[in-house]
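> structural data only, the sequence is not supplied:
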């Protein structure tokens, strides 16, 4: 086959148009991830240096997520949804309820760049309220069987970004993404 | 029969384009049945023309006069008490008479913009010499969400773009015609430029068309450095063009001033005592009345422009945007939204100024390519394969860049729709660049090239359809709105 015969301007344009068509279709068709969690992302009108600073919000958007796995390519990035933040200077808040079937000590493993605060049933379990590079914290808490409230606040100032939240039972190595059910924790 | 078909088939393409254009632009153009953006100003001004009330405004009066003529001819609001419109310069939606119809006020901009596609087709056909290429790129004028949403309103841009495209068409027709360029061509083009400027001052960019006409007219003399014939021609062509231009401009102001014989709602617009005296005595139609009125109108326009605030992107809710960001579609503007909740589901009908990215980015790519072409010719001395087409690419790239350079100098707040004028230049340029690159294929009607063109138009229409809820105010959920936020730099604002 004479490859050179096919390497024409028209072929190049066809390839470009096909690529555009794929990109357009991808942008038009909603990408399906399970809407297990609702995250409110709020762009700040002023630089954020501290999680609890007074919020001056410009734009906000709600993103539905399957799990809190948002730390890729040093960005606030979901593997299917792409960038879900605003570039820089934004807050992200997630509120959810979950049910524990087996009482015991659980551990929430939170990795954030920049800061975060995790509250369970209104009590702060752990936090890092200033900016930093991606770092992981293990946050243990004893939970009874029954329903519990989960509240996570996160902020991105400038530079790299990312957020990951996993959970598991204390003393066990297996971790689950927050947003995904497990034998002992189910989202309500 | 066959002979008849052959005679008329050349009208088939423009007729088809016109039909589609009328459908896209005119469908339910009276919706929303509420004011948005600058309609609050223009509707009051147009009503003042009908009621013979004096007013002053930042833009020349022709656009509002056409709105008034349309409103008067259709008489759709004849039964309503519209005195509230004449007592103010800016009317709120609540103050508008109940059941006010927008059919008359919105008609000039909507209809003229829909008709503009004929000029676009004429321009592209004359420059590319290929009907299908002309049809394909004319579609970009029909299926751009920003052009459609902004023209379907009692605003000035649709009217202005009609005159701009008419002027370009006339220039192209004159230059591509075999007959020599005569002074009457300068005069007619001057009159068309005058009509453009009489709608909105930024239309002054088309003054450059007169320069193009002169260069084409005198190219052989300029190339041979024959100064005397050039100067001689300059001495006759400049007055031939400028006189009708000025006459058209002053005539619109004369009609505006002469018919404004009343003051309503104590709206004096800082008119001088002399002008007020002429209004009181009903002598605004006299030479002295017109002179005084013109002076006051002119001063008002200058003072108003000076008083417009600067762009402040830190200001919450700022709708303005810097000119350098316009080619990417920054910043989109929410003209109006109406929220409704049905069975717990929020739906919002938006009228949103947002670009069709296929049109805007392709047009921008065309500009980038043509600038590259110009650099390759004038910096690196590369040969030109089609001198005529190259010349027209230089003209439209020049018009685009000139407009943008001027806009970049302006400090007052400007908006995304100020980009619609250079967008039209860029669309024409894109068609020319395409023809330049695929010249041989187009000349031989290469099927692959034409299929590519078809795919391109299909993508343009598909993207237009996708964004059309924001153009026609079709209610969508906040999630559907967010799905249309393709780029953060568009800065679209969801309503929940």
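Right, received. Where do you want to start? Worth saying up front: this structure is predicted, and the values here are computed from it rather than measured.
> what's the mean pLDDT across the longest helix along chain A?
Assignment by DSSP state H gives helix A:9-28 as the longest helix of chain A. In this model, helix A:9-28 has an average pLDDT of 92.
> ok, now stretch B:457-468?
With pLDDT averaged residue by residue, stretch B:457-468 scores 97.
> so which helix or strand takes in the closest residue to chain A within the stretch 201-350 of chain B?
In the stretch 201-350 of chain B, the residue that lies nearest chain A is residue B:316 (6.9 Å; CB to the nearest CB). Any C-beta I mention is one placed from the backbone N, CA and C, and that applies to glycine too. Under the criterion of DSSP states H and E, residue B:316 resides outside all helices and strands.
> about what we covered before: for the longest helix of chain A, buried residues please.
By 16 or more other CB atoms under 10 Å in any protein chain shown, the buried positions in helix A:9-28 come out as A:10, A:13, A:14, A:17, A:20, A:24, A:27.
> which stretches of chain A form strands?
Remark: strands of chain A, listed N- to C-terminal, are A:37-44, A:57-65, A:69-70, A:77-78, A:82-83, A:90-100, A:104-113, A:116-120, A:123-128, A:135-143, A:146-156, A:162-169, A:176-177, A:185-187; assignment by DSSP state E.
> rank the ones you listed by pLDDT, which is bottom?
Per-segment mean pLDDT for the strands of chain A reaches its minimum on strand A:82-83, at a mean of 74.
> how about the residue of chain A found nearest chain B: what's its closest non-neighbour residue?
For chain A, the residue positioned closest to chain B under CB to the nearest CB is residue A:10, at a distance of 4.2 Å. Leaving aside its chain neighbours, residue A:10 sits nearest to residue B:448 (4.2 Å; criterion: CB to CB, 6 or more residues apart in numbering or on different chains).
> tell me which parts of chain A are close to chain B?
Taking CB under 8 Å from any CB of the partner chain as the contact definition, chain A meets chain B at A:8-11, A:13-14, A:17, A:20-21, A:24, A:27-28, A:30, A:45, A:58-62, A:86-87.
> on that earlier part again, so what's the residue of chain A closest to chain B up against?
If a contact means CB atoms under 8 Å, 6 or more residues apart in numbering or on different chains, then residue A:10 has B:438, B:441, B:446, B:448, B:449, B:452 as its contacts.
> and if we set it to 7 Å?
Neighbour list for residue A:10: B:441, B:446, B:448, B:449, B:452 [criterion: CB atoms under 7 Å, 6 or more residues apart in numbering or on different chains].
> just the strands of chain A: most buried one?
strand A:69-70 (a mean of 23; mean count of other CB atoms under 10 Å in any protein chain shown).
> from the chain's centroid, how far away is that strand?
The chain centre lies 4 Å from the centre of strand A:69-70; the measure is CA atoms, centre = their mean, to the nearest Å.
> so what strands line up beside it?
Taking DSSP bridges as the criterion, strand A:69-70 sits next to strand A:162-169 (antiparallel) in its sheet.
> need the contact partners of the strand it pairs with.
In this structure, residues lying in contact with strand A:162-169 by CB under 7 Å, 6+ apart are A:68-71, A:74-76, A:92, A:104, A:106-113, A:116, A:134, A:152, A:154, A:174-178, A:184-185.
> relative to residue B:37, which of the strands of chain A is closest?
Between residue B:37 and the strands of chain A, the shortest separation by CB to CB is 20.6 Å, and it involves strand A:57-65.
> helices or strands next to the closest one in the packing?
strand A:37-44 (3 or more CB pairs under 7 Å, 6 or more residues apart in numbering or on different chains; DSSP states H and E).
> which residues does the residue of the stretch 1-150 of chain B found nearest chain A contact?
Nearest to chain A in the stretch 1-150 of chain B, going by CB to the nearest CB, is residue B:136, at a distance of 12.7 Å. Shown here is residue B:136, whose contacts under the criterion CB under 7 Å, 6+ apart are B:453, B:456, B:457.
> nearest to chain A, of those residues?
Each of the contacts of residue B:136 was scored against chain A by CB to the nearest CB, and residue B:456 proved nearest at 6.1 Å.
> what about the closest one, how many residues nearby?
The number of residues packed near residue B:456 is 22, by other CB atoms under 10 Å in any protein chain shown.
> which residues of the stretch 301-450 of chain B lie near chain A?
Among all residues of the stretch 301-450 of chain B, those adjacent to chain A (criterion: CB under 7 Å from any CB of the partner chain) are B:316, B:437, B:438, B:441, B:446, B:448, B:449.
> would you point out the helix or strand in chain B whose mean pLDDT is lowest?
One helix or strand of chain B scores below all others by mean pLDDT, DSSP states H and E: helix B:2-8, with a mean of 71.
> what is the helix or strand just after it packed up against?
Proceeding N to C from helix B:2-8, the next assigned helix or strand is helix B:12-26, under DSSP H and E. In terms of contacts (3+ CB pairs under 7 Å, 6+ apart), helix B:12-26 is packed against helix B:103-128, helix B:131-142, helix B:145-151.
> identify all contacting residues around helix B:12-26.
With CB under 7 Å, 6+ apart, helix B:12-26 has contacts from B:110-111, B:113-114, B:117-118, B:121, B:131, B:135, B:138, B:142-143, B:148, B:151-152.
> domains of chain A?
Structural domains assigned to chain A are A:1-30, A:35-187, following automatic domain parsing.
> so which of these gets nearest residue B:29?
Each of those was checked against residue B:29 via CB to CB, and the shortest separation belongs to domain A:1-30, namely 26.2 Å.
> can you give the distance of the strand or helix carrying residue B:451 from its chain's centre?
If you go by DSSP H and E, residue B:451 is part of helix B:447-472. Centre-to-centre, helix B:447-472 and its host chain are 22 Å apart (CA atoms, centre = their mean).
> all helices for the stretch 151-300 of chain B, in order.
Under the criterion DSSP state H, counting those that start in this stretch, helices of the stretch 151-300 of chain B are mapped to B:157-176, B:183-197, B:207-217, B:219-223, B:227-259, B:273-281, B:287-307.
> need the contact partners of the third one.
Pointing back at helix B:207-217 there. B:167-168, B:171, B:174-175, B:181, B:185-186, B:189-190, B:193, B:222, B:233, B:237, B:241, B:395, B:399, B:402.
> middle-most residue in chain B, spatially?
Closest residue to the average C-alpha location of chain B: residue B:161 at 2.7 Å, with CA atoms, centre = their mean.
> is it true that that one touches residue B:424?
Yes: if you go by CB atoms under 7 Å, residue B:161 and residue B:424 touch, sitting 6.1 Å apart.
> quick one: pLDDT of residue A:3?
69.
> residue A:84 too?
pLDDT for residue A:84: 85.
> again, but for the one 5 residues further on
Reading off the confidence values, residue A:89 has pLDDT 93.
> ok, residue 34 - contacts?
Defaulting to chain A. Going by CB under 7 Å, 6+ apart, residue A:34 touches residue A:66.
> actually, chain B is the one I wanted.
Contacts for residue B:34 were tallied using CB under 7 Å, 6+ apart; they are B:93, B:336.
> thank you, goodbye.
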